[in-house]
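Participant: model this:
(2 chains)
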Amino acid sequence: MCGCGEPRWAWGRCAPSPMLLLSLLLSAAPFGLLGEETRQVSLEVIPGWLGSPQNLLHIRAVGTNSTLHYVWSSLGPPAVLLVATNTPHSSLVVNWSCLLSPEPDEGLMVLPKDSIQFSSALVFTRLFEFDSTNVSDVAAKFPGKPYPPYPLAEFSWNNITDSLDPATLSATFRGHPMHDPTNAFANGSLAFRLDQLLWDALPSGFMQWRPVAFSQKQRGRESALPCQVSPLHPTLEYPLPQSPIVRAFFGSQTNFCAFNLTFGASTGPGYWDHYYLSWSMLLGVGSPPVDTLSALVLGIMAVALGAPGLMLLGGGLILLLRHRRYSEYQPIN
Amino acid sequence: MEEEDEAARALLPDGPGVLPAFCDPSRLAHRLLVLALMCFLGFGSYFCYDNPAALQIQIQRDMQVNTTKFMLLYAWYSWPNVVLCFFGGFLIDRVFGIRWGTIIFSCFVCIGQVVFALGGIFNAFWLMEFGRFIFGTGGESLAVAQNTYAVSWFKGKELNLVFGLQLSMARIGSTVNMNLMGWLYSKVEASLGSAGHTTLGVTLMIGGVTCILSLICALALAYLDRRAERILHKEQGKTGEVIKLTDVKDFSLPLWLIFVICVGYYVAVFPFIGLGKVFFMEKFKFSSQAASAINSVVYVISAPMAPVFGFLVDKTGKNIIWVLCAVATTLVSHMMLAFTLWNPWIAMCLMGVSYSLLACALWPMVAYVVPEHQLGTAYGFMQSIQNLGLAIVSVIAGVILDTRGYLFLEVFFIACVSVSLLSAVLLCLVNRARGGNLNYSAKQREEIKLSHTE
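Facilitator: Reported below is the predicted structural model:
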């Protein structure tokens, strides 16, 4: 799988009004951690430089002989850096003056460098919105008339220290555009919520999501939107907003590939129902988790298949024994 | 008989002379005309019964209801039949007579469908539910009336064939509904300009035209039946059913097991078809037309296969083995749909075949375990609890779908079929243990019949 990507999203909507009460939550991006049995997980907010809240969140999961580093940043477009090393003693080194300069190469490093087994990054660059009021063909190529895209690099974000919850090991980045001439983001926000999850793995990265988003806080079938992903394509055709931490870690010559995620269709539930959209993805190292059947389902199936089978066997045996017993009876004449 | 015919013809107002074949009630041509009318009598009722299944997405979207409320449209159809199954025969034999009974039940079917459609036009879901209730009051009783007409006109001659043809026509009605209504809705939407409850109501109203056709058939049949009675001195058909609810205490264990098999099986088929279209669209990514087509496969297969399997079971006997095969096959079919992504046409064809087989093998078994004077009560009871099961499970299926999704719904259906299978196994064992006659081959039955007459 391509080691890095720059997803941009889009969703269709029906209401033609440009005044949005945007309450968009790109929530719960849990991340998988390389598992041996236990890992020590710690979240730390790397303090900004000169007091300005440049949000840099470093999540460190230390095992017996490996470490996973997740670095989430809202510096520039929101991005996450994922690094797996083969030593429990690797650490993140941030050089703020370098990071905030126009050439941030080497501003962010994981040391020792030769312990790095796997590294990758994911950058969220743009948010598109489409007006699909007159689109009746669900399979249309374009979901509708596009509104001007929201460049996520020009969002201002909250101070992440306030939203950090060490007990549940979760954090939330919440942002809205710095310049909002059409007042489209009047009461809304775009949020990234991070939770943590654990399972076993081998070193190679993955990004996994269910092809569904929800238009209501309670995720149910009525509020489910389809989520489609475009094929991956290299990004040489046009310039993309750069993320400083990606540039800092990987340097300037890097291969990017990009894809679009589209939420919703022109019919059915959509963002316009409650002005809310929620989507989850899993970012991790190792083999992706596989859905298994729940214990209840397995239990019901065991009974459903077992009971008639056992009844047939048991009853057949009893009848056979009875037949055998009666056949030993010798009538008088 | 011939002298009677000639005498009857002599009494006709246009004087003595030979009636043309179509007008002579004793001739085959006329009886074929009557057969055609009888077949179309049930067409409208079966066509409109599955309207909700064909328009599930549209109903849920336009009326803003979740799956639980949607399935109430099926539940309300079944509720009146829990009680009416016992009274259908009584109403036809003692209260209305076959002709008026058929007309009245056809009227109920028409009115019910119209009220159902009006519920859409006025955006009142309760009115739709009420319409389905009225529709249900007429629907099942109309089937009893249809069978009574068949016996009256074709007894001793081609009765099994006639029953088979009536069932086939009914299933053709269901199939046409599944494949037509979605298309009809899109046409109405195109002409009215927008989707919405009005579009839904108009579509349902157009579908109700089939019920008007059935009503016209009922009127024509009543006229022809009265005419035949006049000409041939034929008596008005009677169901001959005697329902004595106190007989229930005499029902034997095998009969109760047959009831459980019936309920456990049908509640895993009809509600599944009711919810099937969206299942195929979501899980297997079928288009709307393809999903409608595959959802109708069970009916399409049972139309030709029912007479074939009827013949097969008649020839071989061994009803219990056939029942076991049918129930096990349906179980396999549901498991395929639940846990695999194999082509669902396979599973649905299996389901269609096993559905037809079960119908032909299960219902005659009742006659083998119940004395003839209790037969009416037994069949009435079987229909009644079948409808009770459908009424309850339809809503449960909707609730499960809303809260847990399709996998759990399929597992629920698997559990229902498993109960049916368990009962079938138990029936086999009990029958074996008691030396019962349920699994006799046809030859053995013939021998017993001959030895009884000696």
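
Participant: so where's the chain shaky on pLDDT?
Facilitator: Answering for chain A, as no chain was given. Residue ranges of chain A with pLDDT under 70: A:1-37, A:50-54, A:134-143, A:196-203, A:235-239, A:253-254, A:266-267, A:328-330, A:333.

Participant: switch to chain B, that's the one I care about
Facilitator: Filtered on pLDDT under 70, chain B yields the residue ranges B:1-18, B:156-157, B:454.

Participant: try 80 this time
Facilitator: B:1-23, B:25-27, B:155-161, B:164, B:234-237, B:240-242, B:442, B:453-454 (pLDDT under 80).

Participant: what does it have sitting close to chain A?
Facilitator: B:66-67, B:331, B:401-402, B:405, B:407-408, B:411, B:414-415, B:417-418, B:421-422, B:424-426, B:428-429, B:432-433 (C-beta under 8 Å from any C-beta of the partner chain). For every residue, glycine as well, the C-beta is placed using N, CA and C.

Participant: are any of those residues buried, and which?
Facilitator: When neighbours are counted using 16 or more other C-beta atoms under 10 Å in any protein chain shown, the residues of chain B next to chain A contain these buried positions: B:66-67, B:331, B:401-402, B:408, B:411, B:414-415, B:417-418, B:421-422, B:424-426, B:428-429, B:432.

Participant: all helices for the stretch 51-200 of chain B, in order.
Facilitator: B:51-54, B:56-62, B:67-90, B:97-121, B:125-154, B:159-192, B:197-207 (DSSP state H, counting those that start in this stretch).

Participant: out of the ones you listed, deepest packed?
Facilitator: Comparing these by mean neighbour count (mean count of other C-beta atoms under 10 Å in any protein chain shown), helix B:51-54 ranks first with a mean of 26.

Participant: thinking residue B:203 is in contact with residue B:188, fair?
Facilitator: Yes. Taking C-beta atoms under 8 Å as the definition, residue B:203 is a contact partner of residue B:188 at 5.0 Å.

Participant: quick check: closest non-adjacent residue to residue B:436.
Facilitator: What sits nearest to residue B:436 in space, not counting adjacent residues and going by C-beta to C-beta, 6 or more residues apart in numbering or on different chains, is residue B:254, at 6.4 Å.

Participant: return the residues in contact with the one you found.
Facilitator: By C-beta atoms under 8 Å, 6 or more residues apart in numbering or on different chains, the residues touching residue B:254 are B:369, B:427, B:430-431, B:436, B:438.

Participant: show me the contacts for residue A:79.
Facilitator: A:72-73, A:121-124, A:243, A:245-246.

Participant: change it to 10 Å
Facilitator: A:4, A:6, A:71-73, A:121-125, A:152-153, A:241-247, A:249 (C-beta atoms under 10 Å, 6 or more residues apart in numbering or on different chains).

Participant: now do residue B:248
Facilitator: Going by C-beta under 10 Å, 6+ apart, residue B:248 touches B:255-256, B:374, B:377-378, B:381.

Participant: burial measure for whatever residue of the stretch 101-250 of chain B ends up closest to chain A, as a count.
Facilitator: At 8.7 Å from chain A, residue B:195 is the closest residue in the stretch 101-250 of chain B, using C-beta to the nearest C-beta. Residues lying near residue B:195 (other C-beta atoms under 10 Å in any protein chain shown) number 17.

Participant: chain neighbours aside, what residue packs nearest to it?
Facilitator: Spatial nearest neighbour of residue B:195, chain neighbours left out: residue B:189 (5.1 Å); criterion: C-beta to C-beta, 6+ apart.

Participant: I figured residue B:414 hits residue B:328, correct?
Facilitator: No. Residue B:414 is beyond contact range of residue B:328, at 11.9 Å (criterion: C-beta atoms under 10 Å).

Participant: anything in contact with each of these two?
Facilitator: With C-beta under 10 Å, 6+ apart as the test, residue B:414 and residue B:328 both reach residue B:421.

Participant: dihedrals phi and psi, residue A:292?
Facilitator: Torsion angles at residue A:292 (phi, psi; degrees, to the nearest 10) stand at phi -120, psi 160.

Participant: can you give me the distance of it to chain B?
Facilitator: Distance, residue A:292 to chain B, by C-beta to the nearest C-beta, to the nearest Å: 12 Å.

Participant: ok, that residue - contacts?
Facilitator: residue A:298.

Participant: what does the one 4 residues further on give?
Facilitator: The contact partners of residue A:296, by C-beta under 10 Å, 6+ apart, come to B:404, B:408, B:411.

Participant: and if you look at residue B:68?
Facilitator: B:75, B:394-403.

Participant: give the bridge partners for the nearest residue to residue A:243 once chain neighbours are set aside, please.
Facilitator: Spatial nearest neighbour of residue A:243, chain neighbours left out: residue A:79 (3.9 Å); criterion: C-beta to C-beta, 6+ apart. Residues in a beta bridge with residue A:79, per DSSP bridges, are residue A:73, residue A:123.

Participant: ok, residue A:79 to chain B distance?
Facilitator: 33 Å.

Participant: with only the CA atoms kept, save stretch B:226-246 in PDB.
Facilitator: Only the C-alpha atoms of stretch B:226-246 are listed here, as PDB (Å, rounded to 0.1, in the frame of the first residue of the first chain):
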ATOM      1  CA  ARG B 226     -75.800 -18.200 -10.700                       C
ATOM      2  CA  ARG B 227     -76.500 -18.900 -14.400                       C
ATOM      3  CA  ALA B 228     -74.900 -22.300 -14.100                       C
ATOM      4  CA  GLU B 229     -77.000 -23.100 -11.000                       C
ATOM      5  CA  ARG B 230     -80.100 -22.200 -13.000                       C
ATOM      6  CA  ILE B 231     -79.100 -24.200 -16.100                       C
ATOM      7  CA  LEU B 232     -77.500 -27.200 -14.500                       C
ATOM      8  CA  HIS B 233     -79.300 -27.200 -11.100                       C
ATOM      9  CA  LYS B 234     -75.900 -27.100  -9.500                       C
ATOM     10  CA  GLU B 235     -75.800 -26.200  -5.900                       C
ATOM     11  CA  GLN B 236     -74.000 -23.200  -4.700                       C
ATOM     12  CA  GLY B 237     -70.500 -24.100  -3.700                       C
ATOM     13  CA  LYS B 238     -69.700 -24.600  -0.100                       C
ATOM     14  CA  THR B 239     -66.400 -24.800   1.700                       C
ATOM     15  CA  GLY B 240     -67.900 -27.600   3.900                       C
ATOM     16  CA  GLU B 241     -65.600 -26.500   6.600                       C
ATOM     17  CA  VAL B 242     -66.700 -27.200  10.100                       C
ATOM     18  CA  ILE B 243     -64.800 -25.300  12.700                       C
ATOM     19  CA  LYS B 244     -65.000 -26.400  16.300                       C
ATOM     20  CA  LEU B 245     -62.500 -24.700  18.400                       C
ATOM     21  CA  THR B 246     -62.900 -27.200  21.200                       C
END
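
Participant: now that stretch, how far from the chain's geometric center?
Facilitator: Stretch B:226-246 sits 22 Å away from the centroid of its parent chain (C-alpha atoms, centre = their mean, to the nearest Å).

Participant: residue A:63: neighbouring residues, count only.
Facilitator: Per other C-beta under 10 Å, the neighbour tally for residue A:63 reads 17.

Participant: gap between it and chain B?
Facilitator: In this view, residue A:63 and chain B are 35 Å apart by C-beta to the nearest C-beta.

Participant: surely that residue touches residue A:285?
Facilitator: No. Applying C-beta under 10 Å as the test, residue A:63 and residue A:285 come out as separate, 11.4 Å apart.

Participant: and the residue nearest to residue A:243, how far is that from residue A:69?
Facilitator: 14 Å (C-beta to C-beta, to the nearest Å).

Participant: quick check, the residue nearest to residue B:195 in contact with residue B:61.
Facilitator: No. Here residue B:189 does not reach residue B:61: they are 11.6 Å apart, not a contact under C-beta under 10 Å.
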